[in-house]
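**Q** Need a 3D model of the following:
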Amino acid sequence: IGLPLIFHSQAGARMRPRIEHWLKDRLLIRVAMLSIPLLFGCANVTVQPLTTPGSGYRESPEEIKLLARASNAHQELVSKGFLLRDESAVAFVQRVGESVVTDEVSTRVPITFHILRSANKNALASPSGNIYVTVGLHVSLESEGQLAYVLAHEVAHIARRHMFSTYLTEKEGWKGAIIGDIFLLGTKLSYFPYIASLAAYSRERELEADDDALIFLESSGYPLGDAASALNHLKEPESKSGEIGWLSTHPALKERTDRILIKTQSSPSTSKASTEDPRYLSFRTGLKPARIWWRRRWRAAMCVSTTC
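**A** So this is what the prediction gives:
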């Protein structure tokens with residue numbers, strides 16, 4: 001009731017832009033809270049992997065729309081400075097990532113790897129071929145083989161078109177994303193939070209990606225034992241920052257780790273190799289200064305919690 005009177009005063013005129021910006025931020029959070037719950041609870045819709053002949057990849061209007069949104073999400077991350085621009089570090093990740101991408105996949109969609117400037121332990125594969133791993137996850141790993149498994153797992157999600165399957169299952173969630181675009185007005189991330197929310201895969205899809213990742217890992221020459229050790233490094237206390245944790249939505253890490261250990265019993269242990277990987281340790285040391293970057297800005301952009 002008092003806001004109109006304040007705006008008419010000289011001091012109020014100076015405060016008005018800040019107050020309007022604050023109100024817009026609060027409204028965005030409420031919109032996000034309403035849209036995210038729509039993304040859960042329905043039966044899975046299965047689509048053919050993009051490597052399957054006649055899969056229909058990039059043929060349906062729905063998939064074309066999703067790919068366009070994913071591309072827009074990437075451009076937002078670039079323009080707003082959420083991706084690390086250290087050429088040496090990015091080249092290191094790209095080299096490891098390319099080693100686990102099969103020709104069958106790369107001929108259908110170019111895969112590019114990026115370092116996301118966030119301290120949380122997360123990874124995300126966009127259907128447009130962009131794979132993001134946070135600084136927080138990079139610095140928690142101990143070897144190239146562990147990183148290769150994380151990247152292979154995300155490549156598997158792209159190859160199996162898991163995000164498109166989730167989109168078809170939860171199309172109603174798109175309404176919340178459109179509303180969010182209207183109210184963000186270019187001040188924060190409008191596309192990426194929705195793309196990230198589609199990475200809340202079912203247990204079945206996560207286990208499929210685990211199995212495919214083992215195949216990719218073996219074909220690239222990395223020890224299979226690095227898979228289980230990589231999963232062990234994903235464990236972290238529940239975040240209180242309000243940031244969306246993609247890995248926190250995955251099936252229980254213990255179940256996945258035990259399952260992989262059974263599948264890789266004949267593979268040599270990599271516990272020693274993980275602590276004796278000088279190239280990876282050098283790469284990781286270079287990332288540590290960037291581990292926490294504008295946490296408040298990131299939290300505001302990705303927040304879906306009333307505690308933010």
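**Q** shaky segments in the stretch 51-200 of the chain?
**A** Within the stretch 51-200 of the chain, the segments meeting pLDDT under 70 span 171-190.
**Q** What segments of it are strands?
**A** Per DSSP state E, counting those that start in this stretch, the stretch 51-200 of the chain carries strands over the ranges 112-116, 123-125, 130-134.
**Q** With distance to Leu287 and mean neighbour count added, can I get those strands in CSV?
**A** The C-beta positions use only the backbone N, C-alpha and C, and glycine is treated the same way. Output for these, formatted as CSV (distance: least, C-beta to C-beta, whole Å; neighbours: other C-beta atoms under 10 Å):
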stretch, distance to Leu287, mean neighbour count
strand 112-116, 7, 22
strand 123-125, 15, 24
strand 130-134, 10, 24
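**Q** Distance to Ala91 added to these, as JSON lines?
**A** Shown next, in JSON lines, are these (distance: least, C-beta to C-beta, whole Å):
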{"stretch": "strand 112-116", "distance to Ala91": "10"}
{"stretch": "strand 123-125", "distance to Ala91": "18"}
{"stretch": "strand 130-134", "distance to Ala91": "14"}
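**Q** Which one of the ones you listed lies nearest to Leu261?
**A** strand 123-125 (20.6 Å; C-beta to C-beta).
**Q** for the strands of the stretch 51-200 of the chain, which one sits closest to Ala73?
**A** With C-beta to C-beta as the yardstick, what comes closest out of the strands of the stretch 51-200 of the chain is strand 130-134 (8.4 Å).
**Q** So what are the sheet partners of the closest one and their directions?
**A** Using DSSP bridges, strand 130-134 pairs in its sheet with strand 112-116 (parallel), strand 123-125 (antiparallel).
**Q** Can you lay out those strands as JSON lines showing distance to Asn232?
**A** Converted to JSON lines, those look like this (distance: least, C-beta to C-beta, whole Å):
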{"stretch": "strand 112-116", "distance to Asn232": "21"}
{"stretch": "strand 123-125", "distance to Asn232": "15"}
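**Q** Can you pull out the low-pLDDT segments for the stretch 201-308 of the chain?
**A** Short version for the stretch 201-308 of the chain, where the test is pLDDT under 70: 235-251, 266-276, 288-308.
**Q** what are the ranges of the strands in it?
**A** Under DSSP E, counting those that start in this stretch, the stretch 201-308 of the chain gives no strands.
**Q** circling back: tell me which of the strands of the stretch 51-200 of the chain lies nearest to Ser99.
**A** That would be, of these and by C-beta to C-beta, strand 112-116, which comes in at 10.9 Å.
**Q** Restricting to C-alpha, output stretch 60-75 in CSV.
**A** Written as CSV, here are the backbone C-alpha positions of stretch 60-75 (Å, rounded to 0.1, in the frame of the first residue of the first chain):
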residue,chain,number,x,y,z
SER,A,60,9.8,-34.2,-34.9
PRO,A,61,8.7,-30.6,-34.2
GLU,A,62,9.0,-31.4,-30.5
GLU,A,63,12.6,-32.4,-30.7
ILE,A,64,13.5,-29.5,-32.9
LYS,A,65,12.0,-27.1,-30.3
LEU,A,66,13.9,-28.8,-27.5
LEU,A,67,17.2,-28.5,-29.4
ALA,A,68,16.5,-24.9,-30.1
ARG,A,69,15.9,-24.2,-26.4
ALA,A,70,19.1,-26.1,-25.5
SER,A,71,21.1,-24.0,-27.9
ASN,A,72,19.6,-20.8,-26.4
ALA,A,73,20.5,-22.1,-22.9
HIS,A,74,24.1,-22.5,-24.0
GLN,A,75,24.3,-19.0,-25.5
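**Q** For it, buried residues please.
**A** Glu63, Leu66, Leu67, Arg69, Ala70, Ser71, Ala73, His74 (16 or more other C-beta atoms under 10 Å).
**Q** any idea which of those residues is closest to Glu218?
**A** After measuring these against Glu218 - C-beta to C-beta - the closest member comes out as Ala70, at 28.8 Å.
**Q** What values do phi and psi take at the nearest residue to the closest one once chain neighbours are set aside?
**A** Leaving aside its chain neighbours, Ala70 sits nearest to Ser128 (4.0 Å; criterion: C-beta to C-beta, 6 or more residues apart in numbering). Backbone torsions for Ser128, taken as degrees, to the nearest 10, come to phi -80, psi 0.
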